[in-house]
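A.B. asks: I need the structure of the sequence given here:
(2 chains)
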Amino acid sequence: MKRRDLLHRLVKSLGVIGFSSLPYGLSHLMMPRQVIAGQMHIPLPGAMSDYNKFTAACIGCGLCGEVCPPRCVKFYKNTEGAKANTPYIDPAERGCTLCGKCMTVCPTEALTETPVREVKMGIAQIDRVACYPWVDRGICGACVSICPLGDAAINFEFGNVYRPVVNTACVGCGLCVEVCPEPSLPIRIVDRSEPTVARHGMGVRRKVYQ
Amino acid sequence: MNWQMHLNKLRWVVLSMVMFMLILLPFLHLYQSYVAAHAYDLLSPAEKLIYDSMELISAPFVSDPETDLNSFKGTSWSGKLFGITLSDPLALLGQITASKHIYWPFVVTALIPILYSLLLGRFYCGWICPATFLYELNDNLGTWLKRAGLPISQRRLDRRIKYMVLLAGMVIGMLSSAVVFAAIYPPAIIGREIYYAIAVGGFGTGMVFFLLTLLFDLLVARRGFCRYICPGGALYALLGRFRVIRIQRNVLSCNDCAKCNTVCQFGLDPWHDDFGQECNNCSACIAICPTEALIFKIKTTDTTYQGAGHLGQEYKKQQGEKKPSPGEL
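C.D. replies: Purely as a prediction, here's the structure:
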């Protein structure tokens, strides 16, 4: 009967382990599929919409970085494969001021001169469970006051002066991300097909550039 | 005196100026961004030093540094000189093969270098390329090491390897839709890495590759990367195959000393009239020639071997002449 006893014990302990891991599994299922942790790379203004075409057209000369007044343009390292030496902007560190110098200086068609309001770098998305004013009527408004495009891109929700709402004129320059004082960055730049309010729950996939 | 023997010094001046510009431009870029931000009071002491020194250098030439300095930007891979955009033909080739599409404004920027290569061959390799500056210093280091007793390899490989590299780069670029030349072409790497080191914060991985090519030059073949691997050198050599201006040997004043063969870092054979499309017009052989037998000539083809130099012993033996005694001269 010793073997039978052992089997009982094994089944019981497996049951206990399975039951106790249930909350972890459930929470794992409830989490957004793709967690964008910190890293958020957006294209330069005027970049070709197809990213593969962009890497093919870019010769990696670094001129866009050399003319950028706020020095927001960064470059992928050689270890990044086809992306090597091509530029990107990390708005969490420094946003684009839409001055347009990189578009003017680019020798290839990777960046084409585009009017400021027709630039398509992405769109800002606000996570309402992390933004101060949305969570508990905090006082902030940093993103609204920095926006170079004004009311058409981001403004306050009607009737509540500090809750920011992103509108479709947003071009995704990322200045709002740069100034956002909340460390978890409730505002981020996402692909233009995404909603401007972050969704939560099962099966939510967030699409970012690349 | 032949004025062409001073061209090598002029070439070193040009190479040093290119290198100096590559180091200066990132600092000017930093200065421009400080000016644009009106941030002098917020700068750290080191940044203030950059601001002050760049202001000192640029103040006589510009009235509005924020915009005027934009007419000097970039590197030898693609950059602006006096407001004119110039690009490397290899960048153009890489871009066309990667995107399978010709963007004409970019072609226009590469036209001036293409024209110069058609006229002067691998002129870029010898006179402008910032990597050449470092490779020649590296070669001098090799000479010192040799004198110190360390063996330096002088292997000879097949020159056609670099054309294979050029072809492979085009094919890989086509398949991966990325300009792969930018990652392996030393002048592009040098310009970019200096900019990264000064303005972005630290060398990238390209510098490791460049250091490996320096070691390759020391341990495998003299100037091996330029001669056997560089895809840009291959492209320039092809463009300059029928170049109009080339160094030629004047057989009448040659004395067969063979100093030109020793000094030629590309391992060519000027002594036997063998220049070919590989010659980068560096004019080191002209500078060292004791009898001024080597000069630039306007010709589209190399002359075939003209025989022993007329001032040498070999020629006199062939002519059956007796050696003139010192009294006769």
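A.B. asks: Chain B: strands as residue ranges?
C.D. replies: For chain B, applying DSSP state E gives strands covering B:73-74, B:78-81, B:84-87, B:245-249, B:294-298.
A.B. asks: pull the CA atoms of the last one into CSV?
C.D. replies: Included here for strand B:294-298 are C-alpha records, laid out as CSV according to Å, rounded to 0.1, in the frame of the first residue of the first chain:
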residue,chain,number,x,y,z
LEU,B,294,56.5,60.0,-62.3
ILE,B,295,54.0,62.7,-63.2
PHE,B,296,50.2,63.1,-63.6
LYS,B,297,49.3,63.0,-67.3
ILE,B,298,46.0,63.4,-69.1
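A.B. asks: Averaged pLDDT, stretch B:242-252. What do you get?
C.D. replies: Here stretch B:242-252 scores 87 as its mean pLDDT.
A.B. asks: before we move on, the earlier item: how about a markdown table for the strands of chain B, with mean neighbour count and distance to chain A added?
C.D. replies: To be clear about C-beta, it is placed using only N, CA and C from the backbone, and glycine gets the same treatment. Shown next, in a markdown table, are the strands of chain B (neighbours: other CB atoms under 10 Å in any protein chain shown; distance: least, CB to the nearest CB, whole Å):
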| stretch | mean neighbour count | distance to chain A |
| --- | --- | --- |
| strand B:73-74 | 25 | 5 |
| strand B:78-81 | 22 | 4 |
| strand B:84-87 | 18 | 5 |
| strand B:245-249 | 21 | 28 |
| strand B:294-298 | 16 | 32 |
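A.B. asks: As CSV, the ones you listed with distance to B:N140 would be great.
C.D. replies: Formatted as CSV, the strands of chain B follow (distance: least, CB to CB, whole Å):
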stretch, distance to B:N140
strand B:73-74, 29
strand B:78-81, 28
strand B:84-87, 29
strand B:245-249, 21
strand B:294-298, 21
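A.B. asks: Start and end of stretch B:95-115, how far apart?
C.D. replies: From its first residue to its last, stretch B:95-115 covers 19 Å (CA to CA, to the nearest Å).
A.B. asks: What are the buried residues along that stretch?
C.D. replies: For stretch B:95-115, the neighbour count (16 or more other CB atoms under 10 Å in any protein chain shown) marks B:95-99, B:103, B:106, B:109-110, B:113-114 as buried.
A.B. asks: And for stretch A:75-85?
C.D. replies: Buried residues in stretch A:75-85 (16+ other CB under 10 Å): A:75-76, A:78, A:82-85.
A.B. asks: That stretch and chain B, any residue contact?
C.D. replies: Yes. Applying CB under 8 Å from any CB of the partner chain, one finds stretch A:75-85 touching chain B at A:75, A:77-79, A:81-85.
A.B. asks: I'd like the next helix or strand past the lengthiest helix in chain A.
C.D. replies: The helix that spans the most residues within chain A, counting by DSSP state H, is helix A:2-20. Counting by DSSP states H and E, the next helix or strand C-terminal to helix A:2-20 is helix A:22-30.
A.B. asks: Farthest pair within the buried residues of stretch B:95-115?
C.D. replies: Spatially, the most separated pair among those is B:S99 and B:P113, at 20.0 Å (CB to CB).
A.B. asks: Okay, buried residues for stretch B:54-70 please.
C.D. replies: For stretch B:54-70, burial by neighbour count (16+ other CB under 10 Å) applies to B:54, B:58, B:62, B:65-66, B:69-70.
A.B. asks: Next, check the residues of stretch A:75-85 next to chain B against the strands and list the overlap.
C.D. replies: Judged by DSSP E, the subset of the residues of stretch A:75-85 next to chain B located in strands is A:F75.
A.B. asks: Against chain A, how distant is B:T262?
C.D. replies: B:T262 sits 37 Å away from chain A, going by CB to the nearest CB, to the nearest Å.
A.B. asks: what's the burial count for that residue?
C.D. replies: 10 (other CB atoms under 10 Å in any protein chain shown).
A.B. asks: Just the pLDDT at it, thanks.
C.D. replies: 87.
A.B. asks: next one: A:G201
C.D. replies: We have a pLDDT of 63 for A:G201.
A.B. asks: Same question for B:W144.
C.D. replies: Looking at B:W144, its pLDDT is 90.
A.B. asks: Not counting sequence-adjacent ones, nearest residue to residue 106?
C.D. replies: In the absence of a named chain, this looks at chain A. A:C64 (6.0 Å; CB to CB, 6 or more residues apart in numbering or on different chains).
A.B. asks: Let me rephrase: I mean chain B.
C.D. replies: Closest residue to B:F106 apart from its sequence neighbours, by CB to CB, 6+ apart: A:T108 at 4.8 Å.
A.B. asks: Right, I'll call it a day here.
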